[in-house]
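Q: Could you look at this predicted model? Sequence included:
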Amino acid sequence: MEGNSPPLLKVEHLSKKYLIKKKLFYKEFFTAVDDVSFEVDRSEILGLVGESGSGKSTIGKLILKLIEKDSGNVIFKGRSIFELSKREEKKFRKETGVIFQDPRTSLNPRLTVYKIIEEPLVVHNIEREKRKEKIIKAIYDAGLDESFLDRYPSELSGGQRQRVAIARAIVLDPDLILADEPTSALDVSVQLQIISLLEKLKKEKKISIIFISHDLNVVGSISDSLIVLYRGKIMEKGRTKDIIKNPFHPYTKILFDSLPPDHPSHRKKINEIPEIEREDIPGGCLFYHRCPIAEEKCKKEPVIKKIHGREVYCHFA
Ligand SMILES: Nc1ncnc2c1ncn2[C@@H]1O[C@H](COP(=O)(O)OP(=O)(O)OP(=O)(O)O)[C@@H](O)[C@H]1O
Ligand SMILES: [Mg+2]
């Protein structure tokens with residue numbers, strides 16, 4: 001997140017509410033993303049971790065302009081993505097790629113692997129003669145070979161399908177890839193292969209990756225920097241190795257403590273963390289209702305504290 005050159009991506013105070021109920025004189029909204037700011041450098045992997053419903057995918061969709069924001073800004077290569085002309089928008093699409101959780105549903109079952117990888121090249125008007133060369137390069141870069149190009153998704157294993165999704169995401173040489181739970185549907189051994197493939201792409205192609213996962217184990221092993229999200233808000237942010245060495249926020253500690261006992265980053269035994277359920281305090285700390293160390297002062301919302309390049313949403317940090 002720190003560096004001399006300007007970041008590839010800068011997210012500023014991004015917020016999003018979903019309309020969940022609408023009656024004649026009444027609307028009810030749900031805050032999915034609340035004042036989220038962060039940066040992603042070139043060739044950096046940013047991990048976005050949090051439990052189900054914490055707003056991870058919503059952040060991903062906002063950054064790729066797949067849904068409307070309520071407020072805030074996303075600056076990609078120095079330009080706000082909300083102020084792009086049609087031509088610039090197309091360039092933005094070319095420079096960003098996406099990989100989803102389940103390659104079973106994200107790949108069109110009626111198309112061959114060749115056609116699947118070719119699709120973005122067609123959309124971006126790449127000449128037919130150049131396409132084949134790029135497709136072959138992408139399939140090898142994704143760790144498969146030409147023999148896969150005539151197959152259909154149903155003729156591939158889960159790991160191979162995810163490699164095809166990665167080949168499609170990199171075929172236009174993007175600068176940024178959003179990987180939303182890319183390994184969650186895979187067996188552990190295959191997960192590790194996909195993680196090392198993404199690390200290789202980062203190093204060799206200087207691609208930046210936003211890696212979304214509910215699993216701190218997975219995110220901790222791949223990311224350079226880390227954001228811990230809870231109810232749409234950043235609880236803790238910093239270099240991954242610093243957070244693993246010394247997590248500040250009680251929620252980060254709880255996430256670590258739910259890792260298997262033999263995990264190197266395991267700190268305390270699971271039963272040392274009390275299960276708390278309190279009433280929410282409107283206007284108080286968002287984590288108050290589950291926090292094992294909450295006190296009177298936590299009935300007020302904490303301001304983000306900046307400590308040695310880390311940011312923490314907690315009165316005790
Ligand atoms: N289109 C929508 N309309 C209303 N609420 C939505 C919509 N999309 C998401 N939400 C809600 O916003 C919250 C955040 O959703 P989001 O999909 O971003 O979470 P997530 O962290 O990606 O969860 P998961 O780990 O389950 O994928 C959830 O409570 C979800 O129910
Ligand atoms: Mg999600």
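A: Received, thanks. Numbering: from 1, shown residues only. Ligands and ions are numbered 1, 2, ... in the order given.

Q: from here on, contacts and neighbour counts on C-alpha atoms
A: OK.

Q: what residues are up against the most centrally placed residue in the chain?
A: By CA atoms, centre = their mean, the chain has its centre lying nearest to I212, at 3.0 Å. I212 is in contact with G47, L48, V49, K56, S57, L178, A179, D180, E181, P182, V219, counting by CA atoms under 8 Å, 6 or more residues apart in numbering.

Q: 6 Å instead, please
A: G47, L48, D180, E181 (CA atoms under 6 Å, 6 or more residues apart in numbering).

Q: can you give me the helices for the stretch 101-250 of the chain?
A: 103-106, 113-123, 128-141, 158-170, 188-205, 216-222, 240-245, 250-257 (DSSP state H, counting those that start in this stretch).

Q: Tell me the residues on the stretch 201-317 of the chain that lie near ligand 1, please.
A: With CA under 6 Å from any ligand atom as the criterion, the stretch 201-317 of the chain meets ligand 1 at residues H214.

Q: Quick check: pLDDT value at the residue in the stretch 101-250 of the chain that ligand 1 sits nearest to.
A: Of all residues in the stretch 101-250 of the chain, H214 sits closest to ligand 1, at 5.8 Å by CA to the nearest ligand atom. Per-residue confidence (pLDDT) for H214: 90.

Q: correct me, but it touches E51?
A: Yes - if you go by CA atoms under 6 Å, H214 and E51 touch, sitting 5.2 Å apart.

Q: Name the residue in these two with the higher neighbour count.
A: A count of neighbours by other CA atoms under 10 Å puts H214 above the other of H214 and E51, at 22 against 16.

Q: mind listing what that one touches?
A: Applying CA under 6 Å, 6+ apart, we find H214 in contact with V49, G50, E51.

Q: show me which of those residues neighbour ligand 1.
A: Answer for the contacts of H214 near ligand 1 (CA under 6 Å from any ligand atom): E51.

Q: Among the contacts of H214, name the ones in strands.
A: With DSSP state E as the criterion, strands contain V49 from among the contacts of H214.

Q: now, which of the contacts of H214 sits nearest R151?
A: Using CA to CA, V49 comes nearest to R151 of the contacts of H214, at 34.3 Å.

Q: for K17, which residues make a bridge with it?
A: Following DSSP bridges, K17 is listed with bridge partners T31.

Q: For it, the count of nearby residues, please.
A: Count around K17 with other CA under 10 Å applied: 18.

Q: quick one: contacts for it?
A: By CA under 6 Å, 6+ apart, the contact set of K17 is F29, F30, T31, A32.

Q: One more pass at 7 Å, please.
A: F29, F30, T31, A32, V33, D70 (CA atoms under 7 Å, 6 or more residues apart in numbering).
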